[in-house]
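Q: missing the sequence, but the structure's below:
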């Protein structure tokens with residue numbers, strides 16, 4: 001029987017670092033490397049996978065929690081690295097030299113074809129040089145990652161509608177944020193159109209875009225100062241149930257963590 005499995009594991013997600021593993025029969029890739037190379041190696045081993053088998057990395061933007069380990073992994077494992085020009089320019093001085101033959105320019109609103117895996121890029125609104133995220137397609141299924149944005153446009157919703165799986169931002173709880181010890185300017189930045197989505201905002205977008213194909217939703221990029229795993233899940237589940245959605249029946253909500261990877265799920 002032909003193996004058409006499309007597998008994902010959220011190795012790390014949160015304000016302290018981000019990295020996601022995606023696998024098809026022909027390709028093994030990661031999105032972002034926002035931790036040290038050693039930590040990502042350990043996370044991969046904990047799900048029974050090896051970075052030696054990863055052929056490509058897709059970078060969303062230059063912020064440290066997404067790009068910290070890009071250079072070391074590229075050099076050590078010979079991965080091809082894909083990012084748009086603005087991100088390359090902004091992160092080059094942080095990640096060190098990467099062999100030119102491993103550097104690929106991947107602009108927004110384009111599709112990169114890697115054998116049995118198509119990767120569709122789209123811009124988001126965030127306070128980075130040019131943040132872009134990706135919709136991964138394999139064998140009629142899709143997996144969307146959206147974090148690090150304060151606004152979701154109609155254009156983005158069109159690109160990400162009715163995916164089989166979502167890794168989606170539920171960054172902060174507004175009450176925790178406003179009562180916390182961040183400066184006023186930082187609080188305003190987080191809540192702004194170029195900042196992040198709250199638990200409720202992320203959930204509202206998910207309800208707009210998810211469809212009958214959607215079976216797995218990973219609540220992602222949680223702030224360690226302004227959110228909790230339980231609060232993010234409770235907020236999302238409560239809003240969805242109030243709107244008649246079959247949480248736990250028609251689809252599953254999954255927690256993510258900076259330190260502990262999720263299981264390897266088949267979409």
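A: Yep, that arrived. Values in this document were obtained by computation on a predicted structure and should not be read as measured data. Numbering: from 1, shown residues only.

Q: Quick check: the gap between the most centrally placed residue in the chain and residue 27.
A: Among the residues of the chain, the one closest to the centroid is residue 145, at 4.1 Å (Cα atoms, centre = their mean). As judged by Cβ to Cβ, to the nearest Å, residue 145 and residue 27 stand 16 Å apart. Every C-beta, even on glycine, is put in place using the N, C-alpha and C of the backbone.

Q: And residue 35, by the same measure?
A: Plainly put, residue 35 is 22 Å away from residue 27 if you go by Cβ to Cβ.

Q: Those two - which one has more neighbours?
A: Neighbour count, other Cβ atoms under 10 Å: between residue 35 and residue 27, residue 35 has more, with 25 against 18.

Q: Where does that one sit, in terms of helix or strand?
A: Here residue 35 is covered by no helix or strand, with elements defined by DSSP states H and E.

Q: from memory it sits against residue 13, does it?
A: No. Applying Cβ atoms under 8 Å, one finds residue 35 not in contact with residue 13, separated by 10.7 Å.

Q: residue contacts, residue 200?
A: Applying Cβ atoms under 8 Å, 6 or more residues apart in numbering to residue 200 gives the contacts 174, 235, 239.

Q: where in this structure is pLDDT low?
A: Where the chain drops to pLDDT under 70, the residues are 1-2.

Q: quick one, phi psi at residue 226?
A: Phi and psi for residue 226, reported as degrees, to the nearest 10, are phi -120, psi 20.

Q: which residues does it contact?
A: Neighbour list for residue 226: 171-173, 176-177, 180, 182, 190 [criterion: Cβ under 8 Å, 6+ apart].

Q: So how do I select the buried members of these in ChimeraX?
A: Buried members of these, defined by 16 or more other Cβ atoms under 10 Å, are picked up in ChimeraX with:
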select :171,172,173,176,177,182,190
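
Q: Could you tell me which of the contacts of residue 226 belong to helices?
A: Among the contacts of residue 226, the members found in helices (DSSP state H) are 176-177, 190.

Q: picking that back up, report the set of residues contacting both of residue 35 and residue 13.
A: Counting by Cβ under 8 Å, 6+ apart, the common neighbours of residue 35 and residue 13 are residue 258.

Q: Distance-wise, check residue 183 relative to residue 15.
A: Per Cβ to Cβ, residue 183 is found 16 Å from residue 15.

Q: And those two? Which one has more around it.
A: Neighbours per residue (other Cβ under 10 Å) separate residue 183 from residue 15, with residue 15 holding more: 19 against 8.
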